[in-house]
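[1] Turn this into a model:
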Amino acid sequence: MNINFNKNEDFNKLLTTNLKKHLLNIYKGGGEKNIEKHKAKGKLTARERITYLFDDKSETIEIGALAGDEMYEEHGGCPSGGVVIKIGYIKGKQCIVVANDATVKAGAWFPITGKKNLRAQEISIENKLPIIYLVDSAGVYLPMQDEIFPDKEHFGRIFRNNAIMSSMGITQISAVMGSCVAGGAYLPIMSDEAMVVDKTGSIFLAGSYLVKAAIGESIDNETLGGATTHCEISGVTDYKAKDDHDALDKIKNIIDKIGDFDKAGFNRKKSENPIENPEDIFGILPASRSEQYNMHEIIKRIVDNSEIEEYKKDYGKTIICGYARIDGWAVGIVANQRKVVKNAKKEMQFGGVIYSDSADKATRFIANCNQKKIPLVFLQDVTGFMVGSKSEHGGIIKDGAKMVNAVSNSVVPKFTVIIGNSYGAGNYAMCGKAYDPRLIIAWPTARLAVMGGEQAAKVLLQIETASLKKKGEKITSAKEQEILESIQKRYDAQTSPYYAAARIWTDAVINPLDTRKWISMGIEAANHAPIEKQFNLGIIQV
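    Next up is the predicted model:
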């Protein structure tokens, strides 16, 4: 045990406690008053709907709980992006559920709402997971319509995906449990099956006020597009439900009849708990992101039996590669070593930095996992690739490119856990968001940025002071320190794991003790989708 274990433990457990408090506040959605108004209509909240839908006491993971965090404050905020998305089990079948939160701006779509919904569909498409939409939304948030309506990755992409998913045979079921207006009305009708809740659910391209303004017709919303209209007259919906519970029961009954899926065939044995205590993670991780620790000790507390078969153990020591199991699933682990080590030439190699030999090792290991059909798990705590004349002359760019190539062309599912630093090209090579991990999660200790805060602040200070001097301002040492502190504060806020999660650069910030669950459920989801492509590195510089 290291001498700072107890200090580290207190620091990291406090971070995790703060995460829990933060999430509990977000779970309140639009606040108590809006929840009371919502329930007064006889409706369940979005989270209550999902809880009722999922099997009792079954495992769940939530995608994008922190989406929109501290964004849109001038519009009153948008907790969880106004939509709740969870992966869980319905009648024993793994599904993904998307539920509009009508307590947040009547479920209106902000730009981040669209991005989050598209992320849910992406997960469904990649893993061929059944997807259930619980619709209760006023449609596009009009004050920001230019940021959600017209572009390729905006609102309309949802319906395009509905069509693509249908052609792929992915089950899509919609329950209209509140408003469903304008373009949003297409979503349930482009699903395989749709139902509407009597008296509270409604579907129409234009509501009664707009109909009156447009064509002069006077009609109430229920007659225009309520459950009776669409189940008995238009035939738009397939089932009429008497209330929320009845609609959710109908979904359960439909899911219960779905046939089995073709499996990818990833290897799984009986799950074994780590021998080393996972709680030790809090004491092993240093309070400072710049301090060393041994990543082997973290891995031992994540994998089954605390066992890893390490690949090229004595070569390229700043990256650890090896075969292990997580909750019974066979995995290939690629992890940054944060301890200073020596290479075969007795040269010091700094922890968290990717050297040429480490990149070469990781490239070959990724290729091996693809050949053996073993999912990859990346544990990130990386400051980037090694710089300097020696590294440049040794071809670090070429070796880094090979690793990026292998990550990009990998056909087995990839899962990324950002434990600490995730800086620059290191983020890319270790399967950052741009490289299509099936799930990407961060611990509260994570930091995401193009470079470390101290280095970035000094660079930005030089730029800012030079600009002020050009304007004729005199920069005293006190003024320079004031500028530096301002830059550092701004930069630190932008590198926070919460900042990243708010923008869906990661799927979640999680308690480190939940890591095994996330990876296990992620691989189970990936097992729904057989691998259809061959691994091919393409052209690389050797």
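[2] From one end of stretch 285-299 to the other, what's the distance?
    12 Å (CA to CA, to the nearest Å).
[3] Kindly report the same for stretch 431-438.
    10 Å.
[4] buried ones in that stretch?
    431, 432, 433, 435, 436, 437, 438 (16 or more other CB atoms under 10 Å). Heads up, the C-betas are built off the backbone N, CA and C, glycines and all.
[5] By mean pLDDT, which helix or strand of the protein comes out lowest?
    Sorted by mean pLDDT, DSSP states H and E, the helices and strands of the chain end with helix 453-470, the least confident at a mean of 75.
[6] follow-up on the earlier one: show me which pair in the buried residues of stretch 431-438 is furthest apart.
    432 and 438 (13.5 Å; CB to CB).
[7] Let me know how buried the closest residue to residue 428 other than its chain neighbours is, in neighbour terms.
    Leaving aside its chain neighbours, residue 428 sits nearest to residue 404 (5.8 Å; criterion: CB to CB, 6 or more residues apart in numbering). By the criterion of other CB atoms under 10 Å, residue 404 has 19 neighbours.
[8] For residue 404, identify the helix or strand it belongs to.
    helix 396-409 (DSSP states H and E).
[9] Run through who's touching that helix.
    Residues from elsewhere that reach helix 396-409, judged by CB atoms under 8 Å, 6 or more residues apart in numbering: 354-356, 359-360, 362-363, 366-367, 385-387, 414, 425, 428-431, 435, 535-538, 540-541.
[10] Check stretch 217-236 too.
    189, 194, 196-199, 201-204, 207-208, 211-212, 237-241.
[11] That stretch: end-to-end distance?
    So stretch 217-236: terminal residues 21 Å apart, CA to CA.
[12] Show me the helices in the stretch 351-500 of the chain, by range?
    356-372, 389-393, 396-409, 424-429, 453-470, 477-495, 497-502 (DSSP state H, counting those that start in this stretch).
[13] buried set for the shortest one?
    What that stands for is helix 389-393. residue 391.
[14] Alpha carbons of it, as PDB, please.
    Output of helix 389-393 as PDB, limited to C-alpha atoms (Å, rounded to 0.1, in the frame of the first residue of the first chain):
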ATOM      1  CA  SER A 389      14.200  14.900 -31.700                       C
ATOM      2  CA  LYS A 390      14.900  11.400 -30.600                       C
ATOM      3  CA  SER A 391      11.300  10.300 -30.900                       C
ATOM      4  CA  GLU A 392      10.800  12.200 -34.200                       C
ATOM      5  CA  HIS A 393      14.000  10.600 -35.700                       C
END
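[15] which regions of the stretch 401-542 of the chain sit below the pLDDT cut-off?
    452-454, 541-542 (pLDDT under 70).
[16] on that earlier part again, now do the helix holding residue 404 and helix 356-372, the angle between them.
    20 degrees (axes from the mean of the first three to the mean of the last three CA atoms, to 10 degrees).
[17] so how far is helix 396-409 from its chain's centroid?
    Chain-centre distance of helix 396-409: 24 Å, with CA atoms, centre = their mean, to the nearest Å.
[18] residues of it that come out buried?
    396, 399, 400, 401, 402, 403, 404, 405, 406, 407, 409.
[19] How much space separates the fifth one from residue 388?
    Taken as CB to CB, to the nearest Å, the spacing of residue 402 relative to residue 388 amounts to 20 Å.
[20] Can you report how many residues neighbour the residue lying closest to residue 370 once chain neighbours are set aside?
    Residue nearest to residue 370 in three dimensions, not counting chain neighbours: residue 535, with 3.7 Å by CB to CB, 6+ apart. Neighbour count for residue 535, taken as other CB under 10 Å: 16.
[21] follow-up on the earlier one: could you dump the buried residues of helix 396-409 into CSV and include distance to residue 76?
    Output for those, formatted as CSV (distance: CB to CB, whole Å):
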residue, distance to residue 76
396, 48
399, 50
400, 44
401, 46
402, 49
403, 44
404, 41
405, 45
406, 45
407, 40
409, 44
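[22] so after the helix or strand harbouring residue 298, what's the next helix or strand?
    For residue 298, the host element (DSSP H and E) is helix 295-299. Along the chain past helix 295-299, the next helix or strand (assigned with DSSP H and E) turns out to be strand 309-311.
[23] Check the model's average confidence along that following strand for me.
    Across strand 309-311, the average pLDDT comes to 98.
[24] now swap in stretch 380-389 and tell me
    Stretch 380-389 comes out at a mean pLDDT of 88.
[25] Work out the gap between that stretch and the centre of the chain.
    For stretch 380-389, the distance to the chain centre is 25 Å (CA atoms, centre = their mean).
[26] Check whether residue 96 really touches residue 84, as I assumed.
    No: counting by CB atoms under 8 Å, residue 84 is not a contact partner of residue 96; they are 11.3 Å apart.
[27] Of these two, which one has the most company?
    Higher neighbour count among residue 96 and residue 84: residue 84, with 27 against 21, using other CB under 10 Å.
[28] ok, that one - contacts?
    Residues in contact with residue 84, defined by CB under 8 Å, 6+ apart, are 46, 47, 50, 62, 65, 97, 98, 99, 101.
[29] Return the closest of those with respect to residue 171.
    Closest to residue 171, out of all of those and judged by CB to CB, is residue 97, at 12.1 Å.
[30] give the contact list for the closest one.
    50, 53, 54, 84, 85, 86, 87, 88, 131, 132, 134.
[31] got a list of contacts for stretch 430-437?
    Counting by CB under 8 Å, 6+ apart, 126, 334, 336, 376, 378, 380, 382, 404, 407-408, 414-416, 422, 428, 440, 505-506 sit against stretch 430-437.
[32] quick revisit: which of the helices of the stretch 351-500 of the chain sits closest to residue 111?
    Of all those, helix 497-502 sits nearest to residue 111, with 11.9 Å by CB to CB.
[33] How far off centre is that closest one?
    Offset of helix 497-502 from its chain centre (CA atoms, centre = their mean): 10 Å.
[34] cool, and stretch 70-89?
    Between the centre of stretch 70-89 and the centre of its chain there are 13 Å (CA atoms, centre = their mean).
[35] how long is it from one end to the other?
    Note: stretch 70-89 ends 31 Å apart using CA to CA.
[36] cool, and stretch 309-320?
    So stretch 309-320: terminal residues 10 Å apart, CA to CA.
[37] For stretch 353-371, list every residue counted as buried.
    For stretch 353-371, by 16+ other CB under 10 Å, it's 353-367, 369-370.
[38] Look through this structure and tell me its longest helix.
    Across the chain, the longest stretch assigned as helix under DSSP state H is helix 5-26.
[39] Show me what it is in contact with.
    Outside helix 5-26, the residues that reach it (CB under 8 Å, 6+ apart) are 2, 65-66, 69, 79-80, 281-287, 444-445, 498, 509-512.
[40] Restricted to buried residues, select those residues in ChimeraX.
    Buried residues among those (16+ other CB under 10 Å), as a ChimeraX selection:
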select :65,66,69,79,80,281,282,283,284,285,286,444,445,498,509,510,511,512
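[41] The contacts of helix 5-26 in helices, which ones?
    Using DSSP H, the contacts of helix 5-26 in helices are 281, 282, 283, 284, 498.
[42] Nearest to residue 120 among those residues?
    Residue 120 lies nearest to residue 498 out of the ones in helices among the contacts of helix 5-26, by CB to CB, at 20.5 Å.
[43] How are the strands of the stretch 201-350 of the chain distributed by residue range?
    Counting by DSSP state E, counting those that start in this stretch, one finds strands in the stretch 201-350 of the chain at the ranges 202-204, 239-241, 309-311, 319-326, 329-336, 341-342, 348-349.
[44] Next, format those strands as JSON lines and append distance to residue 181 and mean neighbour count.
    Listed next are those as JSON lines, based on distance: least, CB to CB, whole Å; neighbours: other CB atoms under 10 Å:
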{"stretch": "strand 202-204", "distance to residue 181": "6", "mean neighbour count": "24"}
{"stretch": "strand 239-241", "distance to residue 181": "19", "mean neighbour count": "21"}
{"stretch": "strand 309-311", "distance to residue 181": "55", "mean neighbour count": "15"}
{"stretch": "strand 319-326", "distance to residue 181": "44", "mean neighbour count": "23"}
{"stretch": "strand 329-336", "distance to residue 181": "43", "mean neighbour count": "25"}
{"stretch": "strand 341-342", "distance to residue 181": "60", "mean neighbour count": "14"}
{"stretch": "strand 348-349", "distance to residue 181": "59", "mean neighbour count": "14"}
